[in-house]
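K.L.:
Got a predicted structure plus its sequence, pasted below:
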Amino acid sequence: MGVRYPDLDGKVVVITGGSRGIGAGTARAFARQGAAVAVLGRDRAALTAVAEELRAGGTQALGLVADCTDAAALGSAAERIEQDLGPVDVLAAFAGGDGYPVPTVRETEEHWRSVLDGNLTATFLTVRAFLPGVLARGGGSVVTMASTAGRLPSGASAAYAAAKAGVLMYTRHLALELAGAGVRVNALAPGAVRTERTAAVMPPEVRAAVAAAHPLGRLGEPEDIASATLFLASGASSWITGQTLDVSGGRVIV
């Protein structure tokens, strides 16, 4: 079962990008801690499956369709979650992606804007939608999703790197702004994680090469990211805010 965080029992947790991969794995991890969990994303069937799986295990769970670049959709989701589960204690703003290599000479304005919207603006809109409830709670934890691409140059597109670097600075700024209100804000910066998506686009030889680029010699698993999220959401990290936790198998060593 892993580490137990008793203070997460009964907490209300929202996870964007929760239909599969890291988000779904994190939802399962919070459910095992006794939290009530709402997963948001764009794939209705996948969200329904995750929510039904959690409910079958005895968890209060919602699966809501919401595009995290759509402020109105996020606002409606926040109202529904607060009505059904209560004010939010933990927000995991994990929606994002599209970090595939695109040489800048071939980058288009449309793709650049799409990547920044889907990662940086989506994080801002998600926080803005749920923060009033967290503040009304009198404190809580926000965990944002960055990437090693926002920490050092990599094979990802410049758009993705810029977006994730922006998430890191937004996280630091927000942490300072909200510290007096008892809200902690931290970021995760994963390396390459083995999800359904990466398995579909990476042939075995590519996966082996990417794994070898990480000093610990393997790809990450969704559970690695979920475990770090539990720590940052719990009282075990009560004196940590404005930090970036590199969950990257040693890919980033400062």
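P.N.:
Good, I have the coordinates.
K.L.:
tell me the contacts of the residue nearest the centre of the chain?
P.N.:
Residue closest to the mean C-alpha point of the chain, counted by C-alpha atoms, centre = their mean, is Phe94 at 2.2 Å. By C-beta atoms under 8 Å, 6 or more residues apart in numbering, Phe94 lies in contact with 15-18, 22-23, 26, 143, 145. To be clear about C-beta, it is placed using only N, CA and C from the backbone, and glycine gets the same treatment.
K.L.:
per-residue pLDDT, it?
P.N.:
As predicted, Phe94 sits at a pLDDT of 98.
K.L.:
cool, Glu196 as well?
P.N.:
What the model reports as pLDDT for Glu196 is 84.
K.L.:
Could you report the neighbour count for it?
P.N.:
If you count neighbours by other C-beta atoms under 10 Å, Glu196 ends up with 11.
K.L.:
Pretty sure it sits against Ser19.
P.N.:
No. Using C-beta atoms under 8 Å, Glu196 is not in contact with Ser19; the gap is 10.2 Å.
K.L.:
quick one: buried residues of stretch 62-72?
P.N.:
By 16 or more other C-beta atoms under 10 Å, the buried positions in stretch 62-72 come out as 62-64, 66-69.
K.L.:
Reformat these into TSV and put secondary structure next to each item.
P.N.:
Listed next are these as TSV, based on DSSP: H, G, I helix; E, B strand; the rest coil:
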residue	secondary structure
Leu62	strand
Gly63	strand
Leu64	strand
Ala66	coil
Asp67	coil
Cys68	coil
Thr69	coil
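K.L.:
Return the member of the residues you listed nearest to Arg113.
P.N.:
The shortest approach to Arg113 among these belongs to Thr69, at 10.5 Å (C-beta to C-beta).
K.L.:
Surely the closest one touches Asn119?
P.N.:
No. With contact defined as C-beta under 8 Å, Thr69 does not count as touching Asn119 (9.7 Å).
K.L.:
which regions of the stretch 1-150 of the chain sit below the pLDDT cut-off?
P.N.:
Flagging of the stretch 1-150 of the chain using pLDDT under 70 yields the residue ranges 1.
K.L.:
now the strands for it?
P.N.:
Along the stretch 1-150 of the chain, the stretches classed as strands by DSSP state E, counting those that start in this stretch are 12-16, 36-41, 61-65, 90-93, 140-145.
K.L.:
what's the closest of those to Ala165?
P.N.:
Relative to Ala165, the nearest member of those by C-beta to C-beta is strand 140-145, separated by 12.1 Å.
K.L.:
Roughly how far does Asp246 sit from Thr123?
P.N.:
The gap separating Asp246 from Thr123 is 18 Å, by C-beta to C-beta, to the nearest Å.
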